[in-house]
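> Predicted model follows, preceded by the sequence.
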Amino acid sequence: MSGGEQKPERYYVGVDVGTGSVRAALVDQSGVLLAFADQPIKKWEPQFNHHEQSSEDIWAACCVVTKKVVQGIDLNQIRGLGFDATCSLVVLDKQFRPLPVNHEEDSHRNVIMWLDHRAVSQVNRINETKHSVLQYVGGVMSVEMQAPKLLWLKENLRETCWDKAGHFFDLPDFLSWKATGVTARSLCSLVCKWTYSAERGWDDSFWKMIGLEDFVADNYSKIGNQVLPPGASLGNGLTPEAARDLGLLPGIAVAASLIDAHAGGLGVIGADVKGHGLVCEGQPVTSRLAVICGTSSCHMGISKDPIFVPGVWGPYFSAMVPGFWLNEGGQSVTGKLIDHMVEGHAAFPELQVKATARCQSVYAYLNSHLDLIKKAQPVGFLTVDLHVWPDFHGNRSPLADLTLKGMVTGLKLSQDLDDLAILYLATVQAIALGTRFIIEAMEAAGHSISTLFLCGGLSKNPLFVQMHADITGMPVVLSQEVESVLVGAAILGACASGDFASVQEAMAKMSKVGKVVFPRLQDKRYYDKKYQVFLKLVEHQKEYLTIMNDN
Ligand SMILES: Nc1ncnc2c1ncn2[C@@H]1O[C@H](COP(=O)(O)OP(=O)(O)O)[C@@H](O)[C@H]1O
Ligand SMILES: O=C(CO)[C@H](O)[C@H](O)COP(=O)(O)O
């Protein structure tokens, strides 16, 4: 406080649990990040396509990062706490103790991660039912959603897990329960991953039809029968125990959570764009597509009325911005794919040595290396004869086909640093071409999108951002705060504290435009041709399958 006149500054803590790490930030009322901390979290892959984590390890990491960001701050100034997380499935017993989700009976590993594809047979059977709830997930349920994973647990770990389970949480809801003791679920998680309808609630016939009638019988107590909008204040706020764990004061407001992509959406989509020369300045907010790019990429488009886009999740009512419908396109591996391509290349050790010598990340080094080898041409033209289809972990949108695989055409006998850099570029371009494919599907169904708002770890990569602008032909807005997913989480805490009357008001005050990257329209013809090849790749993949399956 200065001069005894001004009110003390009000702060919010946002906690973001990504796939690879937990991040926290201390954020002020205008959305400025005053402190940031991160901490890696453990992941296990006990067998191919099984991905597990530990809810205790994740909570411990949340505590470490939160304590760090509030160090030296008068805790009375912290008004609210918001969590977002990946939509992984947390399993606890009736006493809220972790239960194993694996054959090894390791109860420490009690989280089936979002990218786990163990429940293929279960999801195929769910899709065969053609139940009407499937209309609200793009027509086809994804193996990454919770219903198939729950069915897998019932069919595979009946005694060690299913019969003992008392609580199945989406990770964002586990965190808000841990902080407050309140088991209410966020509308966001239940609508987006559990088939709950904001208007009609649970559909008994769906759960009975797929063999999970158990939930109906106990009135959904294990998966949530109290549902709150994201940002609503939970119970009496932070419990004394959680306050000790997190280094905060008991009783501060804790918000109903969001899935990480949705928090990213809140953090970027409502910014005032005046003065940036953007076409969306004169257009409704529905012309903006938030693209959250981390391990995966999520394409969040909103609309006033429901839009049904085949192969794109949703429409979900009020799951991100209250009062708006949401469609969520996605690519299951993007950051993870780039890491996979780069780290698996024969020239990777050489790259590491050279990047370390220059104190650069491998990506910054590769970007400058591409600039060196491009000669007089635009950098993107280096891939004229190298093309990638990026679905190494199946296609989430718009094909909704988990059987699709990755493809690379144009390989040579050399494997030097130039080859690595060009393969990296082709991979980044393939991800951007995939975004164009998703946008075209959304537009064909009725969306009208003019501007991309990018955030997440990959938005720190200038090549990734420029390729998204060039390949989609749309300007890309980057936020003032690089960690805008954390701004989204803090917006939740700010709403729960009552300092803002609505999520929309908090979004408008706390998200800010940083930089705008415009498409280089002179390169359009080249990228249109790359896009033609891109679409051919998947056509050819399907043809190969038909040939091989022909008896
Ligand atoms: N400084 C950077 N430059 C380029 N790429 C980056 C940078 N930081 C992170 N990334 C990319 O972002 C991905 C992780 O993004 P992040 O948002 O942290 O993921 P998650 O939320 O899934 O944990 C990594 O796979 C990496 O490819
Ligand atoms: O399914 C999702 C959102 O609906 C996300 O892809 C999933 O939660 C993982 O996110 P991230 O790539 O940020 O780790």
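Sure thing, it's come through. Residues are numbered from 1 along each chain as shown. Ligands and ions are numbered 1, 2, ... in the order given.
> residues in contact with Ser233?
Shown in contact with Ser233 (Cβ atoms under 8 Å, 6 or more residues apart in numbering): 253-255, 496-498. For every residue, glycine as well, the C-beta is placed using N, CA and C.
> quick check, nearest of the residues you listed to Pro306?
Set against Pro306, the nearest of those by Cβ to Cβ is Ala255 (25.8 Å).
> Pop out the phi and psi values for that closest one.
phi -90, psi 150 (degrees, to the nearest 10).
> and it, how many neighbours?
34 (other Cβ atoms under 10 Å).
> swap in the one 4 residues further on?
Applying other Cβ under 10 Å, we find 29 other residues in the vicinity of Ile259.
> Check the burial of the closest residue to it other than its chain neighbours by counting its neighbours.
Spatial nearest neighbour of Ile259, excluding adjacent residues (Cβ to Cβ, 6 or more residues apart in numbering): Cys87 at 4.9 Å. Per other Cβ under 10 Å, the neighbour tally for Cys87 reads 22.
> got it, and Lys529?
Lys529 has 11 nearby residues by other Cβ under 10 Å.
> Which strand or helix spans it?
Lys529 belongs to helix 524-549 when assigned by DSSP states H and E.
> and the residue of the stretch 401-550 of the chain found nearest ligand 2, what is it in contact with?
For the stretch 401-550 of the chain, the nearest residue to ligand 2 under the criterion Cβ to the nearest ligand atom is Gly456, separated by 6.1 Å. Contact partners of Gly456, counting by Cβ under 8 Å, 6+ apart, are 264, 291-294, 297, 335, 485.
> Those also near ligand 1: which ones?
For ligand 1, the contacts drawn from those by Cβ under 6 Å from any ligand atom are 294, 335.
> related to what we said a few turns ago, what separation do you get for the residue nearest to Ile259 and Cys298?
10 Å (Cβ to Cβ, to the nearest Å).
> what about Leu454, neighbour count?
25.
> which stretches of the protein have low pLDDT?
1-5 (pLDDT under 70).
> got the residues of it near ligand 1?
18-21, 294-295, 335-336, 338-339, 361, 363, 456-458, 460-461.
> For PyMOL, write a command that selects the buried ones of the residues you listed.
To isolate the buried members of the residues of the chain next to ligand 1 in PyMOL, using 16 or more other Cβ atoms under 10 Å:
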select buried, resi 18+19+20+294+295+335+336+338+339+363+456+457+458+460+461
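> if we can go back for a sec, okay, the contacts of Ser233 in CSV with distance to Gly31 next?
Converted to CSV, the contacts of Ser233 look like this (distance: Cβ to Cβ, whole Å):
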residue, distance to Gly31
Ala253, 18
Val254, 19
Ala255, 16
Ala496, 16
Ser497, 14
Gly498, 18
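> still on that earlier bit, name the member of the contacts of Gly456 with the shortest distance to Glu128.
Ser297 (28.7 Å).
> In space, what's closest to the residue of the stretch 51-200 of the chain found nearest ligand 2 - neighbours in sequence excluded?
Going by Cβ to the nearest ligand atom, ligand 2 is nearest to Thr86 of the stretch 51-200 of the chain, at 3.5 Å. Closest residue in space to Thr86, ignoring its immediate chain neighbours: Trp114 at 4.9 Å, by Cβ to Cβ, 6+ apart.
> now Lys67, what's its secondary structure?
Of the three states, Lys67 takes helix according to DSSP: H, G, I helix; E, B strand; the rest coil.
> what's the angle between the biggest helix by length in the chain and helix 524-549?
If you go by DSSP state H, the chain has its longest helix at helix 417-444. In terms of direction (axes from the mean of the first three to the mean of the last three Cα atoms, to 10 degrees), helix 417-444 departs from helix 524-549 by 90 degrees.
> What residues does the stretch 151-300 of the chain have near ligand 2?
Within the stretch 151-300 of the chain, the positions lying close to ligand 2 (Cβ under 6 Å from any ligand atom) are 192, 259-261, 294-296, 298.
> Filter the residues you listed down to just the ones in helices.
Those of those lying in helices (DSSP H): 192, 260-261.
> nearest to Asp245, of these?
Asp260 (21.2 Å).
> that older thread, would you mind pulling the contact partners of the helix or strand following the longest helix of the chain?
Per DSSP H and E, the first helix or strand lying C-terminal to helix 417-444 is strand 451-455. Residues outside strand 451-455 that contact it (Cβ under 8 Å, 6+ apart) are 264, 267-269, 271, 273, 278-280, 287-293, 435, 465, 468-469, 472, 474-479, 482, 484-485.
> Following strand 451-455 in sequence, what is the next regular element?
helix 462-472.
> That next one versus helix 417-444: what angle between them?
40 degrees.
> Please say whether there is contact between helix 462-472 and ligand 2.
No - against ligand 2, helix 462-472 shows no contacts by Cβ under 6 Å from any ligand atom, the least distance being 13.8 Å.
> Can you get me the centre-to-centre distance for that helix and its chain?
19 Å (Cα atoms, centre = their mean, to the nearest Å).
> Could you do stretch 353-363 as well?
For stretch 353-363, the distance to the chain centre is 28 Å (Cα atoms, centre = their mean).
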